[in-house]
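K.L.:
Quick one: sequence plus predicted model below, questions after.
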Amino acid sequence: MPHTIRVVLLGCIAVIATGRTAVAAQAAPACAADARRANLNFVLKDINNKNVNLADYRGNVVLLNFWATWCVPCRTEIPWLVEFQQTYGSRGFQALGVAADDTLDKLKPFVRHMKMTYPVLQGLGRNTLLDSYGVTGLPVTVLIARDGRMCASHTGMVDRPRVAKEIEALLAIAPQR
């Protein structure tokens, strides 16, 4: 059965209060102690058809962004991801883009046009990968701590300042030796 992808616009989704106070939400740790481990047991091709093993990024804070060239919110986020990579890359951060619904012939010119400076991986037809990260719409952005825990997942266009704060909080956690 084919994997269906839909675009989610966060501006159209109602937010339901959880009962937590704003103070408690701000004081939350960078990553919940019981956060689920990210499945990094995937090897994908980049836009040059070279194998990229997600497990090679263990020890880094990873932003895994699932997107497509036709997705307007995805296109809006790309410059932010480029900026995050430039700002935090030297501190052990790695952005990875997974093109969930595009062929290589569409990806190469798009990546050049958008000046994407982080690895872009081919995700078309990789339903096990998409399911592993809960991708049912686009964009989806997952933040993975250095120890491999999935600490945040955002469906729809991310809140840029919020994600920057999440990245900074995860970077502040010392790498395990």
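P.N.:
Nice, I can see it. Numbering: from 1, shown residues only.
K.L.:
hang on, residue 163 packs against residue 87?
P.N.:
No - the criterion here is Cβ atoms under 8 Å, and residue 163 misses it with residue 87 at 11.7 Å. Any C-beta I mention is one placed from the backbone N, CA and C, and that applies to glycine too.
K.L.:
The two: which has the busier surroundings?
P.N.:
Neighbour count, other Cβ atoms under 10 Å: between residue 163 and residue 87, residue 163 has more, with 20 against 13.
K.L.:
State the distance from that one to residue 50.
P.N.:
To residue 50, residue 163 is 28 Å away according to Cβ to Cβ, to the nearest Å.
K.L.:
before we move on, what about residue 109?
P.N.:
18 Å.
K.L.:
cool, residue 122 as well?
P.N.:
In terms of Cβ to Cβ, residue 122 sits 11 Å off from residue 50.
K.L.:
More neighbours: which of those two?
P.N.:
Neighbours per residue, other Cβ under 10 Å: of residue 122 and residue 50, the larger number sits with residue 122, 19 against 9.
K.L.:
and the more buried one, bridged to which residues?
P.N.:
Counting by DSSP bridges, residue 122 is bridged to residue 99.
K.L.:
Let me know the pLDDT of it.
P.N.:
The model reports residue 122 with a pLDDT of 98.
K.L.:
swap in residue 173?
P.N.:
Here the pLDDT value assigned to residue 173 is 89.
K.L.:
Output the lowest mean pLDDT helix or strand found in this structure.
P.N.:
Least confident helix or strand of the chain, by mean pLDDT, DSSP states H and E, is helix 22-26 with a mean of 37.
K.L.:
Do you know the pLDDT at the closest residue to residue 93 other than its chain neighbours?
P.N.:
Excluding its sequence neighbours, the residue lying closest to residue 93 (Cβ to Cβ, 6 or more residues apart in numbering) is residue 61, at 4.8 Å. At residue 61, the model reports a pLDDT of 98.
K.L.:
And for residue 61, the neighbour number?
P.N.:
Using other Cβ under 10 Å: residue 61 sits among 26 other residues.
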